[in-house]
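S.K.: need a structure here:
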Amino acid sequence: HGRSSSGFGGQGFKQSYGSGFGGGSFKSKGQDLHAEIRVSFEDAAFGCEKVINLSSGQGTPAQSLKVRVPAGIEDGKSIRLRGKGGPGMNGGEAGDLLLKIHVDEKPGYERKGMDVYTTISVPFTTAVFGGEAIVNTLKGSVKCKIPAGIQSGSKIRLRGKGIVSMKDPSVHGDMYAAVQIQVPRNLSPEAKQKLREFEKIVAA
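M.R.: Numbers count the residues shown, from 1 in each chain. Predicted coordinates:
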């Protein structure tokens, strides 16, 4: 995946200061900072690297920071970058950066947790007699078996073709392909006659 940059200027990050009694001082952890970043559907599914520019909004130059977005992250989730927040006081550790992830939609696909849903169009004859259909998964096209007599709206399950688990890279969700049956158009007179004969047989 290609790298991209996102700017986050004018956030007005503030740092609180304090001192101990009797003129002494104490260590204080730096303030946690917050930022947001937008990634594509594929970047969220497979992981990616992004470069973001953080500015304190106090006239200081923006800080360029490379961020690794983990594979499988969901829209609205945040990742914590420890030590990338505001500086600590009197030797205290730096705060953290909480980076909220926004995931773009992908036309024709819907994500629910680790599972992905899409739709495939199946010829009328394939729905009647059975056969194969092509499903475009996130990792390329695959053939799936269509059982004879399948009904429109039925779902074909492709195991392991969904989103990877953030907790265990060996675990993946599934992909579900909802079947839409193509209605024959521009039939020849002979084909129409055959369908009428079929209709009579079925209705008998």
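S.K.: Leu54 - nearest residue in space that isn't next to it in sequence?
M.R.: Once flanking residues are discounted, Leu54 sits nearest to Gln63: 4.8 Å by CB to CB, 6 or more residues apart in numbering. Every C-beta, even on glycine, is put in place using the N, C-alpha and C of the backbone.
S.K.: Could you double-check that the one you found sits in contact with Leu33?
M.R.: No: using CB atoms under 8 Å, Gln63 is not in contact with Leu33; the gap is 10.4 Å.
S.K.: Among the two, which residue is more densely surrounded?
M.R.: Leu33 (21 against 12; other CB atoms under 10 Å).
S.K.: Surely that one touches Leu97?
M.R.: Yes: Leu33 lies in contact with Leu97 (CB under 8 Å); the separation is 5.0 Å.
S.K.: Now for those two: what residues contact both?
M.R.: Both Leu33 and Leu97 are contacted by Leu54, Lys84, Gly85, under the criterion CB atoms under 8 Å, 6 or more residues apart in numbering.
S.K.: Looking at those residues, which is nearest Val171?
M.R.: Within the shared contacts of Leu33 and Leu97, the smallest distance to Val171 is 29.1 Å, found for Lys84 (CB to CB).
S.K.: and that closest one, how many residues sit next to it?
M.R.: Neighbour count for Lys84, taken as other CB under 10 Å: 20.
S.K.: so where is the chain shaky, pLDDT-wise?
M.R.: Scanning the chain for pLDDT under 70 picks out 1-24, 55-61, 204.
S.K.: No more questions from me, cheers.
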